[in-house]
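1. 3D, please:
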Amino acid sequence: MSATLSRQRKRIADPAFRWFVTLAGASVFVILAGMVIRTTNDAWPIFQYQGFFSFLTGDQWLAGSSRTDSDFTGTYGAWPFIYGTLVTALIAIVIALPLALCVAFYINQLAPKRLRNPLSYSVEMLAAVPSIIFGMWGFFWLLPNVLRPFLEWLESTFGWINLAGWKPFEGPVFGSSYLAAGIVLAIMILPIITAIVREVIAVNPVDQQHAAYALGATRFEVMRKVVLPSSFSGIVAASMLGLGRAVGETVAVMMLIGSTKSWDGSLLSAGDSMAAHIAARFGEATPETTKALMAIGVVLFLFTMIINIGARLLVWRIGRVSGDAAV
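-> All right, here's what the predicted structure looks like:
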């Protein structure tokens, strides 16, 4: 009798578990679809009024006061915020990725054994620090004591640079700027990228490294020619995760970028980003402006999708090339 009941329970439990995990997996698509549909529906009147490409490329943002879906009085151009998002995220990834690779290689390949665990725990602990802490530390200490003197030095030393009309270090220096926000973003995403890259390098096949040593390779050559190529897909994934956080970061950028509605080619100028502008203006926005902020959110969502798709394609392409070379 007990054996029969046990078999009946198994026949019920297996399908029930299968349906449960299937629903759990499908819920991801349902939530994603709900977010996309809802935000796009709220932003659609602005896209119709302003024009989608005009919304993306316009550089004037004048909030209106209309409370209806058909009568708009403002002008909405999101390019200053798109530009600020791109510039600060690129600054962050350019600074953070090389440093993360160096830290990860040091912890796994060069650090004494007694230091590896404390360093690993420190990196993971930094990755868990809330962004508001980075923002406050950056605004109240790093900006006045380190970044502002550094930006003034950049302006006085390299302010003369003119690249076909682009003057990246043209003054004046006010402190809050694209570069200041990008540097703090780099510090924020550095531990995230480092933690993932370290784990990727740690699971790299040891036999391949020993074979390279047996052939006379130096430690640097093993890291450059064996460990780095085999860990490339994981490094790309870590970089895209860090870049995604930099693109969507709100509070720290809002405190350090300057929060202006204009844009400038100089990295020392103040500006704004998409996420920071939404957070700063949402509380006081009229119904019309709320729809415009939702439109910025849709564009930000598109950016994150493009980043993820690009990372997938890059990993697939590199893997295919590597496979063809191996054959």
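2. so how far is stretch 117-129 off the chain centroid?
-> Here the centre of stretch 117-129 is set off from its chain's centre by 19 Å, with C-alpha atoms, centre = their mean, to the nearest Å.
3. list the buried ones in it?
-> Going by neighbour count (16 or more other C-beta atoms under 10 Å), the buried part of stretch 117-129 is 119, 120, 123, 126, 127. Bear in mind the C-beta positions are built from the backbone N, C-alpha and C, glycine included.
4. what's the following helix or strand after the helix or strand where residue 100 lies?
-> Using DSSP states H and E, residue 100 sits within helix 79-105. Counting by DSSP H and E, the next helix or strand C-terminal to helix 79-105 is helix 113-127.
5. where does the stretch 1-150 of the chain have low pLDDT?
-> 1-11, 69-70 (pLDDT under 70).
6. now do 80
-> 1-17, 65-71 (pLDDT under 80).
7. packing partners of the helix holding residue 100?
-> Here helix 79-105 touches helix 52-57, helix 178-202, helix 232-248, helix 274-281, helix 287-326, going by 3 or more C-beta pairs under 8 Å, 6 or more residues apart in numbering; DSSP states H and E.
8. just the buried positions in the third one, please.
-> Going back to what we said before, that points to helix 232-248. By neighbour count, with 16+ other C-beta under 10 Å as the criterion, the buried positions of helix 232-248 are 233-248.
9. of these, which is the nearest to residue 144?
-> Closest approach between those and residue 144, by C-beta to C-beta: residue 246, at 23.0 Å.
10. follow-up on the earlier one: the helices and strands packed on helix 79-105: which one's closest to residue 153?
-> helix 178-202 (12.0 Å).
11. and the angle for that closest one with helix 113-127?
-> If you take axes from the mean of the first three to the mean of the last three C-alpha atoms, to 10 degrees, helix 178-202 sits at 130 degrees to helix 113-127.
12. contact partners of the helix or strand following helix 178-202?
-> As assigned by DSSP H and E, the chain's next helix or strand after helix 178-202 is helix 206-214. Helix 206-214 has contacts (C-beta atoms under 8 Å, 6 or more residues apart in numbering) with 221, 222, 225, 226, 227, 230.
13. could you dump those residues to TSV with distance to residue 144, pLDDT and neighbour count?
-> Converted to TSV, the contacts of helix 206-214 look like this (distance: C-beta to C-beta, whole Å; pLDDT from 0 to 100; neighbours: other C-beta atoms under 10 Å):
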residue	distance to residue 144	pLDDT	neighbour count
221	44	85	13
222	44	84	19
225	44	84	12
226	45	84	19
227	40	86	20
230	44	83	17
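14. just flag the most distant two among those residues.
-> Farthest pair in the contacts of helix 206-214, by C-beta to C-beta: 221 and 230, 13.9 Å.
15. report pLDDT for the closest residue to residue 105 other than its chain neighbours.
-> Nearest residue to residue 105 in three dimensions, chain neighbours excluded: residue 223, at 5.7 Å (C-beta to C-beta, 6 or more residues apart in numbering). pLDDT recorded at residue 223 is 85.
16. count the residues that sit near residue 223.
-> Neighbour count of residue 223, defined by other C-beta atoms under 10 Å: 21.
17. that one belongs to a strand?
-> No - per DSSP: H, G, I helix; E, B strand; the rest coil, residue 223 lies outside any strand segment and is helix.
18. how does this structure divide up, domain by domain?
-> For the chain, automatic domain parsing gives the domain ranges 2-62, 79-326.
19. residue 73 is nearest to which of the ones you listed?
-> domain 79-326 (7.0 Å).
20. can you give me how far the closest one is from the chain middle?
-> 7 Å.
21. which stretch in the helices and strands packed on helix 79-105 has the least confidence?
-> helix 287-326 (a mean of 79).
22. and it, what does it pack onto?
-> Partner elements for helix 287-326 (3+ C-beta pairs under 8 Å, 6+ apart): helix 2-50, helix 52-57, helix 79-105, helix 232-248, helix 274-281.
23. now that helix against helix 232-248, angle please.
-> Using the same axes, to 10 degrees: helix 287-326 against helix 232-248 is 170 degrees.
24. buried residues, helix 287-326. List them.
-> Of the residues in helix 287-326, those buried (16+ other C-beta under 10 Å) are 288-301, 303, 307, 311, 315.
25. the nearest residue to residue 155 once chain neighbours are set aside: neighbouring residues, count only.
-> Spatial nearest neighbour of residue 155, excluding adjacent residues (C-beta to C-beta, 6+ apart): residue 171 at 4.2 Å. Per other C-beta under 10 Å, the neighbour tally for residue 171 reads 15.
26. which of the three states applies to residue 171?
-> Strictly by three-state DSSP, residue 171 counts as coil.
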